[in-house]
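Chemist: 3D model of this:
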Amino acid sequence: MERAHEATPENRYYAPGEERAEKVHRLFSRIARRYDRINDLMSWGMHRVWKRRLVSLADPRSGEKALDICCGTGDVARRLAAGPLNFSCEVVGLDFTEEMLEIARKVTPGNLRVSYRQGDALALPFPDASFDIVTCAYGLRNLADLDRGLAEASRVLRPGGRLASLEFGRPANLLLSTLYFAYLRAALPIFGWIFFGDPHTYGYIFATVSRFPGQRELAARMKDAGFDAVEVHDSMGGAMGICLARKASKPAGKSS
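Modeler: A predicted model of the protein is given here:
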């Protein structure tokens with residue numbers, strides 16, 4: 001019998017290849033104003049817990065510079081910068097959608113060292129080795145080319161820098177996986193109907209999650225992109241997964 005996550009439904013906001021970016025931009029421009037509220041309702045507020053864990057695992061330190069790609073309304077970027085009084089981590093939040101960034105700028109306190117910039121995660125507008133940390137929450141599955149996105153994250157990280165990604169996962173337990181994907185398939189279009197009169201707006205999540213590799217394959221692809229010491233941290237039995245990777249300090253094959 002086909003497993004639940006193997007279904008790949010059609011969605012007007014999903015397209016492979018070159019059309020992907022335009023469709024993603026159109027979707028997030030439309031949902032930006034209610035994005036945080038719906039995330040709270042859809043996850044029962046748990047997305048905030050998972051993002052706190054993402055930031056904790058990324059381990060921002062005073063004097064470091066962090067980049068949050070696909071930053072949306074900036075909640076992870078603000079967490080990266082909001083340490084103790086003597087803490088000073090400079091953060092750049094980057095997103096493809098200006099409507100998201102407008103909200104991020106409005107809600108970010110002026111005392112935080114966070115700036116926002118519109119840009120493409122597949123062509124990051126930063127020099128090589130610019131950051132100590134790159135984070136991404138629920139963004140990698142929106143990229144038209146995952147491996148290119150990972151390569152770009154590696155390029156802008158300094159040797160030894162950390163990449164931390166939070167994404168929808170794939171539970172290893174068959175029963176849990178079946179229930180989880182059934183929930184996504186049934187509930188997400190309802191949120192779209194209620195808030196936007198269009199089931200495709202949030203049905204998009206199921207369409208992308210069902211096509212996106214699980215956290216363990218993502219970890220393997222991080223290694224292929226030049227990262228080592230890759231760790232997988234599961235939440236809710238693997239329904240959510242954080243991949244934490246460190247950029248190799250030396251090119252592969254080189255020794256001291």
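
Chemist: C-alpha only now, for contacts and for neighbours.
Modeler: Will do.

Chemist: what's in contact with the longest strand seen in the chain?
Modeler: Longest strand of the chain, by residue count under DSSP state E: strand 157-168. Strand 157-168 is contacted from outside by 50-51, 54, 57-58, 128-141, 153-154, 209, 214-215, 239-250, using C-alpha atoms under 8 Å, 6 or more residues apart in numbering.

Chemist: wait, a strand at residue 231?
Modeler: Yes: counting by DSSP: H, G, I helix; E, B strand; the rest coil, residue 231 is part of a strand.

Chemist: contacts only, for it.
Modeler: Contacts of residue 231 by C-alpha under 8 Å, 6+ apart are 219, 243-245.

Chemist: so which of those residues belong to helices?
Modeler: residue 219 (DSSP state H).

Chemist: can you point me to the longest helix in this structure?
Modeler: Longest helix of the chain, by residue count under DSSP H: helix 174-196.

Chemist: buried ones in stretch 30-38?
Modeler: Going by neighbour count (16 or more other C-alpha atoms under 10 Å), the buried part of stretch 30-38 is 30-32, 36, 38.

Chemist: pull out the C-alpha coordinates of it and format them as PDB.
Modeler: Only the C-alpha atoms of stretch 30-38 are listed here, as PDB (Å, rounded to 0.1, in the frame of the first residue of the first chain):
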ATOM      1  CA  ARG A  30      -0.600  36.900  -0.700                       C
ATOM      2  CA  ILE A  31      -0.300  35.200   2.800                       C
ATOM      3  CA  ALA A  32       2.200  37.500   4.400                       C
ATOM      4  CA  ARG A  33      -0.300  39.600   6.400                       C
ATOM      5  CA  ARG A  34      -1.700  36.500   8.200                       C
ATOM      6  CA  TYR A  35       1.300  34.300   8.100                       C
ATOM      7  CA  ASP A  36       2.300  34.300  11.800                       C
ATOM      8  CA  ARG A  37      -1.300  33.900  13.000                       C
ATOM      9  CA  ILE A  38      -2.000  30.900  10.800                       C
END
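
Chemist: ok, residues contacting that stretch?
Modeler: Contacts with stretch 30-38, where a contact means C-alpha under 8 Å, 6+ apart, come from 73, 99-100, 103, 191, 201.
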